[in-house]
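1. Just a sequence and a predicted model for now, questions to come.
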Amino acid sequence: MKIRTLQAVDLPAVLRIEQEAMTHPWHEAQIIGEIQVDNGVCLVAEHNGQVRGYAFFRVCTPECELLRLAVAPKWWRHGVGSTLLEHALLFFSGQGYATCFLEVRSSNREARRLYGKTGFLQIGIRKNYYCQPAEDALQLCRNLIDTSGGNP
């Protein structure tokens, strides 16, 4: 699987995955806006010429934040999400970023399992952050530089 920067040609696949994979999908304008933001990093996971997943990050040195990660449902539990996330974390670590933050619905067990597996720890809760249904967001953080000064 190849992890690369999202290109304009990937937009139809990203929009399709967004509609299929997310319970509250972003609109096309929201996705385009995220792709165009100056401090955004948008990555895709591609295999055999097909986009299987994507991740949107925002960066503000020395921190980055995962805003969105989605995988086409037919590729769930095939390692696409973990490969995409692990590649991104290594990239950001190599660029000198110290921490990565994210928020996740408290009920999203699959995402929480993925984030736990990749070293994210809960640092807080945002009560009733999500709507439809109202639900808490768990705030997670991952250290990208180990205590010995090296990269993870």
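-> Great, that's in hand.
2. so where is this structure shaky, pLDDT-wise?
-> Within the chain, the segments meeting pLDDT under 70 span 146-152.
3. Can you classify the spatially most central residue of it as helix, strand or coil?
-> Using CA atoms, centre = their mean, the residue of the chain that lies closest to the mean C-alpha position is L69, 3.5 Å off. Of the three states, L69 takes strand according to DSSP: H, G, I helix; E, B strand; the rest coil.
4. and the top helix by length along the chain, what does it pack onto?
-> The helix spanning the most residues in the chain, taking DSSP state H as the definition, is helix 80-94. Identification of packing neighbours for helix 80-94 by 3 or more CB pairs under 8 Å, 6 or more residues apart in numbering; DSSP states H and E yields strand 2-5, strand 40-47, strand 50-60, strand 63-71, helix 109-117. Any C-beta I mention is one placed from the backbone N, CA and C, and that applies to glycine too.
5. quick check, distance from that helix to the centre of its chain.
-> Using CA atoms, centre = their mean, to the nearest Å, the mean C-alpha position of helix 80-94 is found 9 Å from that of the whole chain.
6. For it, which residues meet the burial criterion?
-> When burial is assessed from 16 or more other CB atoms under 10 Å, helix 80-94 yields the following buried residues: 80-89, 91-93.
7. Now tabulate those residues in a markdown table and tack on distance to F101.
-> Putting those into a markdown table (distance: CB to CB, whole Å) gives the following:
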| residue | distance to F101 |
| --- | --- |
| V80 | 22 |
| G81 | 17 |
| S82 | 18 |
| T83 | 21 |
| L84 | 17 |
| L85 | 13 |
| E86 | 17 |
| H87 | 18 |
| A88 | 13 |
| L89 | 12 |
| F91 | 16 |
| F92 | 11 |
| S93 | 14 |
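8. so L140 sits in a strand?
-> Yes. The secondary structure assignment for L140 places it in a strand, going by three-state DSSP.
9. Name the nearest residue to it, sequence neighbours excluded.
-> Ranked by CB to CB, 6 or more residues apart in numbering and with sequence neighbours excluded, the top spatial neighbour of L140 is F120, at 4.1 Å.
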